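**Student:** How does the following fold in three dimensions:
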Amino acid sequence: MQRFVYALSSMQTIPEEDRDDHFLEIMGLIEKYIDEHCVHSNVTDLIDIDPDTSRSITYCEICYKTVL
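**Tutor:** Here you go, the predicted structure:
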C-alpha cells in the first residue's frame, strides 16, 4: 500500500498545468485503489493552526486520508 501512497504523493507534486487527461486518469485510479484496499488505521492528532491555536484531526496512518 505504501508504494501506491508514495506514487500518488509524487504525482501531486507535478504542477497542475503539466497534468493532462491521461495523467489525471492515472491519479484517479491510484486514489480509487487506495480507497478500496487500504485497511485504515486511524489516529487522532493535534495540528497547529497558528501559534496559539491547535485543532484535533483524525487520519489514517497508512494512506493519510483524513477522517471527517
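
**Student:** Going by C-alpha atoms from here, please, whenever you check contacts or count neighbours.
**Tutor:** Fine.

**Student:** was I right about residue 61 contacting residue 39?
**Tutor:** No - counting by C-alpha atoms under 8 Å, residue 61 does not reach residue 39; the two are 10.1 Å apart.

**Student:** Overlap in contacts, those two.
**Tutor:** Common contacts of residue 61 and residue 39 (C-alpha atoms under 8 Å, 6 or more residues apart in numbering): none found.

**Student:** Domain ranges for the chain, per the record?
**Tutor:** 1-37, 39-68 (automatic domain parsing).

**Student:** export those to JSON lines and tack on mean pLDDT and mean neighbour count?
**Tutor:** Listed next are those as JSON lines, based on pLDDT from 0 to 100; neighbours: other C-alpha atoms under 10 Å:
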{"stretch": "domain 1-37", "mean pLDDT": "97", "mean neighbour count": "12"}
{"stretch": "domain 39-68", "mean pLDDT": "94", "mean neighbour count": "12"}
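
**Student:** Give me the longest helix you can find in this protein.
**Tutor:** For the chain, the helix with the greatest residue count under DSSP state H is helix 21-37.

**Student:** on contacts alone, who are the packing partners of it?
**Tutor:** Other helices and strands packing on helix 21-37, by 3 or more C-alpha pairs under 8 Å, 6 or more residues apart in numbering; DSSP states H and E, are helix 2-11.
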